[in-house]
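S.K.: Quick one, what's the 3D model for this:
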Amino acid sequence: MRCLLRTAGVLLRRRFCSGSLLLFGLLCYQILKLGRNRSGSDEVLKDTKRLTSALEALRNQVQRSAHRPPQVRRAVVLTGQHRLSDTEVRLHQLVLQQMDFEVQLSQYAETSWFLRSHEGVSRWSLLLCLSSSERSCLRKISFSYLQQHQMVNLLPRLKEAFSDAGGGLCHFYTDSHLAESDLPMMPRSCGSTNHKPDSPEDSRSPVQAPPPALVTMVNVFVLVTCVSPLTSFLHDMVTVTTNEDSLGHKMKIRDFLLHQLGPQRSHHALGQIKTVIGTVLQAASTSGKQETAGRCVLCFQLLTFTLMFRASITPAVIQVDTELTLNSLKDTFDRQITKDLILEDTLHFLLRPLTHLSSETHLSSETHLSSETHLLLEKLREQYGGCRGTHSSCPSQEDVLLLLLRFHQQLTTPSSFHLLYPSSSSSCSSSSSSCSSSSSS
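M.R.: Here you go, the predicted model:
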C-alpha cells in the first residue's frame, strides 16, 4: 500500500498544483484501491483524477450557494465525575458558546434528558463525552444510527483496539497475527499496567562507568478523524522528558527536533515519527471485526502517544492513551494550561463555522453531479463501506461525499494540527523489490 501511495503521489502531483488537493486525491486513491489488486492501479488513478476534479468543482459550487441562514447547532457535554466548576467543563462550554452552539450539560448519557427524550435524539449536533463519562456514552449511544451531521468525540474501534487486554497488552494484538517485532512499538503499551523499559538512570552501574546514553520520552497528541479510510492529524505541541531531566517541558515538535538534530536530520525525524504512528494506527484500525455498521462519519478521537528515542531518530511507541494525557508535566498549572490549549485547538479545528459541511449537505438535484461522478462515488462507497446496495448499515454516497469534503476542509484550515496520515511522502517498505522501480517511474 505504501508503494502504491508513493506511485499515486508522483502521478497526481503532475496533475494538481495545490498540496491540499494532492492529499485530497490521495485519500480518494486510498479508498478506491482497497480491495483491488495492483494491476488495477492505472484505472484507479484515472478514477481518482476524475473524482477529485468533480468534487473540487462541487465544493466550489456548494460554497458559492451557501447563503442559507445558519441552523442552530446543539452540543451535549457529559461531564462524568467532573464538577461544573472544573476548568475543563468551563472551557468546553465557553468555546462552544463562542462558536454559536447551544450547550446542554449533563453528568452521564443515562441522566441526560436531551439524549433520552424522543425529541432530542436527532436535534444534537455534537456529543462530547469527557473522560469519566466515556463508558456511559459507549453503552448508551448507538453509533449505528447516528445521523450524518452528528459528531461524537469517540471512535469505538480505536477505543477497543488500544484497550488493555491484560498486563498492558494492547487488545488489537490479540485480534491479529502480529508478532511483537512487526510494529515499532511495545505490545504492552496500553493501559496503566503496561511495562515500560527501564531508563538508564534506573540501572545500577559502577561509579566509574561511562554516563548512560540520553533517553528521551516525547508525548505527542494525535487527532484521528476517520478510521476507515484512516485520516489523522498531529498537534504541533509535545511534552518532553529525559533520563537527565524528569520535570517535563512543553515545546513545539519542530523546535524540539531542530534543537536536538539540526535542520536536515530533524526533517527526516519528523517523517519517521509520522511513519511510526501511522503504522501503529493502521494496524489498530484494521484489527478485529470489520463491520459496516456503527460508522460515524464525523466522529473523532484524541490520542496520546508516548515515544521513546534511544540512540536513533526512529522512535518506538511505549504507551498509547485513548485520551489527552499530560502527566509528564509535573507543574499542575502548566499541565492544565497545555491541556486547555490542545482541547481548544481541537474544537476550533473540527467545528469552525461550516459551509459545505452543514447538516444540509446532501446529494440532490441542486448539486448537479454528473452520472459519471455518481458512479465514482458508488465505487468509493463499495470500497469504503465494504458493501453494495442500499442496506441501512452501509455508508451512503452522501456519507462518502461528506467524508471527502470534510477532509478537504481540514487540509485547508489553518491550525496547530498538521496532517499525519495519509501522506504523499509515505515511504516504500524496504522488503518490497518493486518499490524503487514504481516510485521512480
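
S.K.: For stretch 268-287, give the mean pLDDT please.
M.R.: Stretch 268-287 shows a mean pLDDT of 92.

S.K.: Enumerate the positions of it that are buried.
M.R.: Judged by neighbour count (16 or more other Cβ atoms under 10 Å), stretch 268-287 contains these buried residues: 269-287. To be clear about C-beta, it is placed using only N, CA and C from the backbone, and glycine gets the same treatment.

S.K.: and what of stretch 404-423?
M.R.: 404-411, 415-417, 419-423.

S.K.: Run through the stretch 201-350 of the chain and note the low-pLDDT ranges.
M.R.: 201-213, 288-295 (pLDDT under 70).

S.K.: Which stretches in the stretch 1-150 of the chain count as strands?
M.R.: For the stretch 1-150 of the chain, the strands defined by DSSP state E, counting those that start in this stretch cover 73-78, 101-106, 126-129.

S.K.: end to end, how far does stretch 259-266 reach?
M.R.: 8 Å (Cα to Cα, to the nearest Å).

S.K.: Show me what it is in contact with.
M.R.: 216, 254, 257-258, 269, 313 (Cβ atoms under 8 Å, 6 or more residues apart in numbering).

S.K.: Farthest-apart pair in these, please.
M.R.: Greatest spatial distance among the contacts of stretch 259-266 (Cβ to Cβ): Thr216 and Arg254, at 15.4 Å.

S.K.: what's the single longest strand in the chain?
M.R.: strand 215-226 (DSSP state E).

S.K.: Skip ahead from it and say which helix or strand is next.
M.R.: strand 231-235 (DSSP states H and E).

S.K.: What helices and strands are in contact with the next helix or strand after that following strand?
M.R.: Moving toward the C-terminus from strand 231-235, the next helix or strand (DSSP H and E) is strand 237-242. Strand 237-242 sits against strand 215-226, strand 249-252, helix 253-261, helix 332-351, with contacts defined as 3 or more Cβ pairs under 8 Å, 6 or more residues apart in numbering; DSSP states H and E.

S.K.: Quick one: the helices in the stretch 251-400 of the chain, in order.
M.R.: Along the stretch 251-400 of the chain, counting by DSSP state H, counting those that start in this stretch, helices occupy 253-261, 263-285, 332-351, 371-385, 397-411.

S.K.: now for the ones you listed, which one comes closest to Arg73?
M.R.: helix 332-351 (8.3 Å).

S.K.: Pull out the buried positions in that closest one.
M.R.: Quick answer for helix 332-351 (16+ other Cβ under 10 Å): 334-336, 338-340, 342-351.

S.K.: May I have it exported as PDB, CA atoms only?
M.R.: Extracted C-alpha coordinates of helix 332-351, given in PDB (Å, rounded to 0.1, in the frame of the first residue of the first chain):
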ATOM      1  CA  THR A 332      -0.100  21.400  37.700                       C
ATOM      2  CA  PHE A 333      -0.800  24.900  36.300                       C
ATOM      3  CA  ASP A 334       1.400  24.300  33.200                       C
ATOM      4  CA  ARG A 335      -0.300  20.900  32.700                       C
ATOM      5  CA  GLN A 336      -3.800  22.400  32.800                       C
ATOM      6  CA  ILE A 337      -2.900  25.300  30.500                       C
ATOM      7  CA  THR A 338      -1.400  23.000  27.900                       C
ATOM      8  CA  LYS A 339      -4.400  20.700  28.000                       C
ATOM      9  CA  ASP A 340      -6.800  23.600  27.600                       C
ATOM     10  CA  LEU A 341      -4.800  24.800  24.600                       C
ATOM     11  CA  ILE A 342      -4.900  21.500  22.800                       C
ATOM     12  CA  LEU A 343      -8.600  20.900  23.600                       C
ATOM     13  CA  GLU A 344      -9.500  24.400  22.300                       C
ATOM     14  CA  ASP A 345      -7.400  23.800  19.200                       C
ATOM     15  CA  THR A 346      -9.300  20.600  18.600                       C
ATOM     16  CA  LEU A 347     -12.700  22.200  18.800                       C
ATOM     17  CA  HIS A 348     -11.800  25.100  16.500                       C
ATOM     18  CA  PHE A 349     -10.200  22.700  14.000                       C
ATOM     19  CA  LEU A 350     -13.300  20.400  13.800                       C
ATOM     20  CA  LEU A 351     -16.100  22.800  14.500                       C
END
